[in-house]
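1. Okay, structure incoming, though there's no sequence with it:
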């Protein structure tokens, strides 16, 4: 083991602030969404409607379309797609670190980059639908 | 009297490069601690066994060892708690010097890095009678940090921490808890200096909230809570920095 070198050297490189608060913030926000909104979405879309407890007309094409391409629809995309994506990316990145797979800076780019790309795709879809 | 088989990891660098396991049969009753058992081995069976100990009552923090792969203090773990043979090895994630003795120097360096003492330069400048006045603190102010002030520097949390195992540069649970403890102290003004260490990649942000540190802590200090409160502080510090420019 390294004998705790460089800990008391106050060079700017050593004392560099981590950018982790940004990813941790997105991870935390995504965690709340994963716990609260994603199960609710699954409950309605994947369980209650197919089971016939809620009438299928509740999500008829026209109704779904008008709900999605509106301000609540944008919020829905944020809390059910974008933030959970960053939450998952964070877990995958740290999982890779724990398994000693890949390189830290590359893993970061692939995981958060993937989350950003898929989020952008969802938002582009939203923009196309609303215009 | 009943006997128990103890498997102890030995390492004698002057005799060979590789560690090896040695078994001992030790008599025990309900009051025999692991430390008592090690003392029995040294006094009665093999005087060459080397380990640290001092107080026998979970105050000094010297006798930390891996007992069946879990970091524990030898003095407050008892042979009666274990079915079958008991495996004793030096604390994980530290360099082994001899038998159960590990090099605690990296751990002490990490503690020193967070400046774990009251920092209050204003008093030195204002007062010529430096250090002659006592600080005043209300019980409510003390309550804020008291839980995090119980650390005995035994190092068990470092052996428990998988992130410290992966990266020995990580400041680790005890050092970050101590930093948080002084940041919460109403008598202290050194938060800004400590925050720079805490906000590094190897500060609070190397923690992934595994929580095993808190599970093994013999003084119930709960380092995992302290480190994660430190994350909130570090994130707030970053936000404030962005708005201040």
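-> Structure received. This is a predicted model, so every value here is computed, not measured. Residues are numbered from 1 along each chain as shown, chains lettered A, B, ... in the order given.

2. Helix or strand with the lowest mean pLDDT in the chain?
-> If you meant another chain, say so; for now it's chain A. helix A:61-68 (a mean of 93; mean pLDDT, DSSP states H and E).

3. actually it's chain B I care about, not the one you picked
-> Least confident helix or strand, chain B: helix B:121-126 with a mean of 64, by mean pLDDT, DSSP H and E.

4. next structured bit after it?
-> For helix B:121-126, the succeeding helix or strand toward the C-terminus, using DSSP states H and E, is helix B:139-146.

5. What is that following helix packed up against?
-> helix B:173-183 (3 or more CB pairs under 8 Å, 6 or more residues apart in numbering or on different chains; DSSP states H and E). Any C-beta I mention is one placed from the backbone N, CA and C, and that applies to glycine too.

6. quick one: contacts for residue 58?
-> With no chain named, the answer covers chain A. For residue A:58, the contact set (CB atoms under 8 Å, 6 or more residues apart in numbering or on different chains) comprises residue A:49.

7. Chain B, not that one
-> By CB under 8 Å, 6+ apart, the neighbours of residue B:58 are B:73, B:75, B:76, B:152, B:218, B:219.

8. returning to that earlier point: how about the least confident helix or strand of chain A: buried residues?
-> By 16 or more other CB atoms under 10 Å in any protein chain shown, the buried positions in helix A:61-68 come out as residue A:68.

9. C-terminal to it, what's the next element?
-> Toward the C-terminus, helix A:61-68 is succeeded by helix A:71-77 as the next helix or strand (DSSP H and E).

10. Mind listing residues that contact that next one?
-> Helix A:71-77 is contacted by residues A:41, A:67, A:68, A:122, A:123, A:126 when judged by CB under 8 Å, 6+ apart.

11. what's the longest helix in the chain?
-> No chain in the question, so chain A it is. Once chain A is assigned using DSSP state H, the helix that runs over the most residues is helix A:104-130.

12. wait, I meant chain B there
-> helix B:223-244.

13. what does stretch B:139-156 contact?
-> Identification of contacts with stretch B:139-156 by CB under 8 Å, 6+ apart yields B:58-62, B:64, B:71-73, B:91, B:94, B:102, B:104, B:107-108, B:111, B:174, B:177-178, B:180-182, B:184-186, B:216-223, B:226.
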